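Asker: what would the 3D arrangement of this be:
(chains A and B)
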Amino acid sequence: MTAKRIIACLDVKNGRVVKGVNFLNLKDKGDPVELASRYEEEGADEIVFLDITATIEGRKALLEVVKNTASVLSIPLTVGGGIRTIEDVSRILGNGADKVSINTAAVENKKIITEASEQFGAQAVVVAIDVKRVNNSFIVFTRSGTYNTGIDAIQWAKEVEKLGAGEILLTSIDKDGTREGYDIELTKEVNNSVNIPVIASGGAGKMEHFYEVLKVADAALAAGVFHDGVIKIPELKRFLLEKGIEVRV
Amino acid sequence: MKATLINYGVGNLFSIKAGLERVGFNVKISFLPEGDEDVIVLPGVGAFSAVSSYLNSMKDKFNELRERGVKFLGVCLGMQVMFDEGTEGGLSKGLGWFKGKVDKIYANVKLPHIGWDKLFVNKDSCNLTEGLDGKYVYYVHSYVAYTNDYVAYSEYGIKYPAVVCNDFAVGTQFHPEKSSVTGKIFLRNFYSWVKR
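Answerer: Here you go, the predicted structure:
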């Protein structure tokens, strides 16, 4: 069986890794190239860069970082955040990313999923789905979790698979940043509805959370717990192995 | 040692170039063989039908280079096109350097297959897998080669070839350039194989 993947996510702004609380008080956490390499050494199976830059200068800095990271990294690199057009996809992949993660643009312009998939292959296209519980339903939110699309998350997951997505990056907005654990019910429902890999995100706080979610997902993504050293990847992987979850060591 | 990375006009060649450079190859990206290379690398981007017809158009050149001792490395799709034929994008002829057909993974599993699986050594006369039995390598694919002749294999719903070799060509279904330390060891072993 394919090993369950542990994915480290880095927020990148103007070419630097930053970390804040609820997008405020952003603190510089270092050089993305160095951090990505360190996570590879520690045993991360993939790296995700989430670009939180809003300016054109910041965008250029991102491409430079992608290029520099791709030349030292020998595990897959995904880049997401602010991707609107097929040209954005092309530029990011052209600078060495293996996959792009598309979120808001996928909802507002479904064509981009199919076009990117046909042009670069399904494996290069991750569709990010941010979900909030509204009246006992799972609803898709876009624009960094601020916009209620009214779309049912399970239906949307099925649709993006049909449109050509190679993977789904599923984030629970309710759980994100809480360290209370992943949204198991959401992850399970999406995982049972599609036949492409599902990456769970949002809520990781302790090693047990990874164990619980990896029973119903192909990969688990986390950011804060790794940056703050709350969880060390080598320890996490040993823990998962002991619990009977296959991971790469 | 010089390696020419063949550009089919699609996809990202950055990672494979960096991976080859890390183990000592001097890599040039080019649409055609350069003529003075030691190795031709066929990267894992694109679809079988398009890539195989592009490569078949330079088959004579490849044969000429083979006779001069040039070696070949095919990664993922680059390995698949070295087989007799493939079904992706309609049945089409490959380079025919390995016996077998490339077809979808027929098993009740998620596709594309994305992730790390263990490599198991079968019989390795090329010494490419030294130190790699039981190690994880990174896969991204929906198609595999159906053949009985392989150096190493992995399992995903079915058992499929991970590494193939003959006297002038090596192919890997996994991505050594994305397989962290294990991939580096493989590429180092490949470097030694070319040198011999």
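Asker: what secondary structure does A:Ile75 sit in?
Answerer: coil (DSSP: H, G, I helix; E, B strand; the rest coil).
Asker: tell me how far it lies from A:Glu180.
Answerer: Computed as Cβ to Cβ, to the nearest Å, the A:Ile75 to A:Glu180 distance reads 28 Å. Using the backbone N, CA and C atoms, a C-beta is placed for each residue, glycine as well.
Asker: who does A:Ala200 bridge with?
Answerer: Residues in a beta bridge with A:Ala200, per DSSP bridges, are A:Leu170, A:Ala220.
Asker: can you count the residues close to it?
Answerer: When neighbours are defined as other Cβ atoms under 10 Å in any protein chain shown, A:Ala200 has 33 of them.
Asker: please name the residues that touch it.
Answerer: A:Leu170, A:Tyr182, A:Asp183, A:Thr187, A:Val213, A:Leu214, A:Val216, A:Ala217, A:Ala219, A:Ala220, A:Leu221 (Cβ atoms under 8 Å, 6 or more residues apart in numbering or on different chains).
Asker: for chain B, state which of these is nearest.
Answerer: Nearest to chain B out of these is A:Ala219 (Cβ to the nearest Cβ; 7.5 Å).
Asker: once you drop chain neighbours, what's closest to that closest one?
Answerer: Spatial nearest neighbour of A:Ala219, excluding adjacent residues (Cβ to Cβ, 6 or more residues apart in numbering or on different chains): A:Arg5 at 3.6 Å.
Asker: OK, contacts around the one you found?
Answerer: A:Asp45, A:Glu46, A:Ile199, A:Asp218, A:Ala219, A:Ala220, A:Val247, A:Arg248, B:Gly115, B:Trp116.
Asker: do B:Ala169 as well
Answerer: B:Ala169 neighbours (Cβ under 8 Å, 6+ apart): B:Lys71, B:Phe72, B:Leu73, B:Gly74, B:Met82, B:Trp97, B:Phe98.
Asker: tally of neighbours for the residue lying closest to the third one once chain neighbours are set aside?
Answerer: Sequence neighbours aside, B:Val41 is the residue nearest to B:Leu73 in space, at 4.8 Å (criterion: Cβ to Cβ, 6+ apart). The tally of other residues near B:Val41 (other Cβ under 10 Å) stands at 24.
Asker: same question for B:Lys99.
Answerer: 13.
Asker: again, but for A:Gly30
Answerer: 14.
Asker: quick check: it vs B:Lys93, distance?
Answerer: 51 Å.
Asker: equivalent analysis for B:Gly171, please.
Answerer: 16 Å.
Asker: go ahead and confirm the residue nearest to B:Leu73 touches B:Asn7.
Answerer: No - assessed by Cβ atoms under 8 Å, B:Val41 is found out of contact with B:Asn7, at 10.4 Å.
Asker: for stretch A:64-71, buried residues please.
Answerer: Buried residues in stretch A:64-71, counted by 16 or more other Cβ atoms under 10 Å in any protein chain shown: A:Val65, A:Val66, A:Lys67, A:Asn68, A:Thr69, A:Ala70, A:Ser71.
Asker: what about the residue lying closest to B:Phe174 once chain neighbours are set aside, how many residues nearby?
Answerer: Spatial nearest neighbour of B:Phe174, chain neighbours left out: B:Val137 (3.9 Å); criterion: Cβ to Cβ, 6+ apart. A count of neighbours around B:Val137, defined by other Cβ under 10 Å, yields 25.
Asker: try A:Thr149
Answerer: 16.
Asker: figure out the helix or strand that it lives in.
Answerer: Using DSSP states H and E, A:Thr149 falls within strand A:147-152.
Asker: tell me who's in contact with the residue nearest the centre of chain A.
Answerer: By Cα atoms, centre = their mean, chain A has its centre lying nearest to A:Leu169, at 5.3 Å. Contacts for A:Leu169 (Cβ under 8 Å, 6+ apart) come out as A:Val48, A:Gly80, A:Ser101, A:Val126, A:Val127, A:Ala128, A:Ile129, A:Ile199, A:Ser201, A:Leu221.
Asker: one more time with 10 Å
Answerer: A:7, A:9, A:48, A:78, A:80, A:99, A:101-103, A:126-130, A:197-201, A:219, A:221 (Cβ atoms under 10 Å, 6 or more residues apart in numbering or on different chains).
Asker: okay, residue 94: pLDDT?
Answerer: All of this refers to chain A. According to the prediction, A:Gly94 has pLDDT 90.
Asker: wrong one, I was asking about chain B
Answerer: At B:Gly94, pLDDT is 97.
Asker: quick one: contacts of the helix or strand bottoming out on mean pLDDT in chain A?
Answerer: In chain A, no helix or strand scores lower on mean pLDDT, DSSP states H and E than strand A:24-30, which sits at a mean of 73. Identification of contacts with strand A:24-30 by Cβ under 10 Å, 6+ apart yields A:10-11, A:13-14, A:16-21, A:35, A:38, A:52, A:227-228.
Asker: flag the least confident of those.
Answerer: Of all of these, A:Val21 carries the lowest confidence score, 54.
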